[in-house]
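Trainee: for reference, the sequence and a predicted model appear below.
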Amino acid sequence: MALIKSLNGISPKIGKKCFLAETATVIGDVEIGDNCSLWFGAIVRGDVHYIKIGNKVNIQDGVVIHCTYKKSPVNIGNNVSIAHNATVHGCTIKDNVLIGMNAVILDDAVVESNTIIAAGSVVTKGTIVESGSIYAGIPAKKIKDISAELLKGEIQRIADSYIMYASWYTED
């Protein structure tokens with residue numbers, strides 16, 4: 001069973017039909033929507049500000065989600081995939097977003113809906129990621145517009161796949 005820890009009198013709230021791997025950690029002021037999954041070694045630490053996560057979000061192995069003390073919370077929309085070992089810190093991620101492996105999203109950045117952040121990219125403090133775009137690099141910059149096929153073929157497919165993968169772990 002995942003480590004779900006209250007802190008300073010605030011307990012995490014977990015939605016319906018969520019899968020939390022045994023080594024996932026959720027602490028403090030965290031709200032997680034329905035049909036979400038937190039995978040092995042993922043840490044969602046709402047100790048210094050709040051973290052709100054929408055529905056159908058998958059937080060893959062080794063991801064760290066954290067905030068800046070009393071300044072920058074984390075807000076994550078619906079249908080978001082955060083790939084292995086990414087760091088999401090004090091930022092806003094809107095709906096239908098894919099954050100690639102080892103990507104870093106820093107304080108006060110806003111990742112608009114229908115976007116992809118390429119693996120290994122660093123979205124620097126305060127960056128506004130344009131809706132319908134793919135951003136890559138260090139620092140991350142727009143490299144192209146996202147096609148409807150890529151939106152459905154990658155963002156939607158990965159989000160749907162993680163619901164299926166989670167079901168493998170929750171079957172009796």
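Mentor: Looks like it came in fine.
Trainee: going forward, measure contacts and count neighbours with C-alpha atoms only.
Mentor: Fine.
Trainee: does Glu154 belong to a helix, a strand or coil?
Mentor: Here Glu154 is helix, with the state taken from DSSP: H, G, I helix; E, B strand; the rest coil.
Trainee: from Val110, how far off is it?
Mentor: For Glu154, the distance to Val110 (Cα to Cα, to the nearest Å) stands at 21 Å.
Trainee: which parts of the helix or strand harbouring Asp160 are buried?
Mentor: Using DSSP states H and E, Asp160 falls within helix 157-170. Within helix 157-170, the residues scored as buried using 16 or more other Cα atoms under 10 Å are Ile158, Ala159, Asp160, Tyr162, Ile163, Ala166.
Trainee: check stretch 12-24 too.
Mentor: By neighbour count with 16+ other Cα under 10 Å, stretch 12-24 contains the buried residues Pro12, Lys13, Ile14, Gly15, Lys17, Cys18, Phe19, Leu20, Ala21, Thr23, Ala24.
Trainee: again, but for stretch 90-98
Mentor: Applying a neighbour-count criterion of 16+ other Cα under 10 Å, one finds Gly90, Cys91, Thr92, Ile93, Lys94, Asp95, Asn96, Val97, Leu98 buried in stretch 90-98.
Trainee: any idea how far the third one lies from Thr25?
Mentor: Distance of Thr92 to Thr25, given as Cα to Cα: 21 Å.
Trainee: the helices in this structure, which residues?
Mentor: For the chain, helices defined by DSSP state H occupy the ranges 148-150, 157-170.
Trainee: other residues contacting the lowest-mean-pLDDT helix or strand in the chain?
Mentor: Across the helices and strands of the chain, mean confidence by mean pLDDT, DSSP states H and E is lowest for helix 148-150: a mean of 83. Where contact means Cα atoms under 8 Å, 6 or more residues apart in numbering, no residue beyond helix 148-150 reaches it.
Trainee: try stretch 157-166
Mentor: Phe19, Asn35, Cys36, Ser37, Lys56, Val57, Asn58, Asn79, Val80, Ser81.
Trainee: pLDDT score assigned to the fourth one?
Mentor: Spelled out, it's Ser37. Looking at Ser37, its pLDDT stands at 98.
Trainee: so what pairs up with it in the strands?
Mentor: Note on Ser37: beta-bridge partners by DSSP bridges are Phe19, Asn58.
Trainee: just the buried residues of stretch 12-24: which are in strands?
Mentor: In strands, judged by DSSP state E, the following of the buried residues of stretch 12-24 are found: Lys13, Ile14, Phe19, Leu20.
Trainee: which residues does the third one contact?
Mentor: Applying Cα under 8 Å, 6+ apart, we find Phe19 in contact with Asn35, Cys36, Ser37, Leu38, Trp39, Ala166, Ser167, Tyr169, Thr170.
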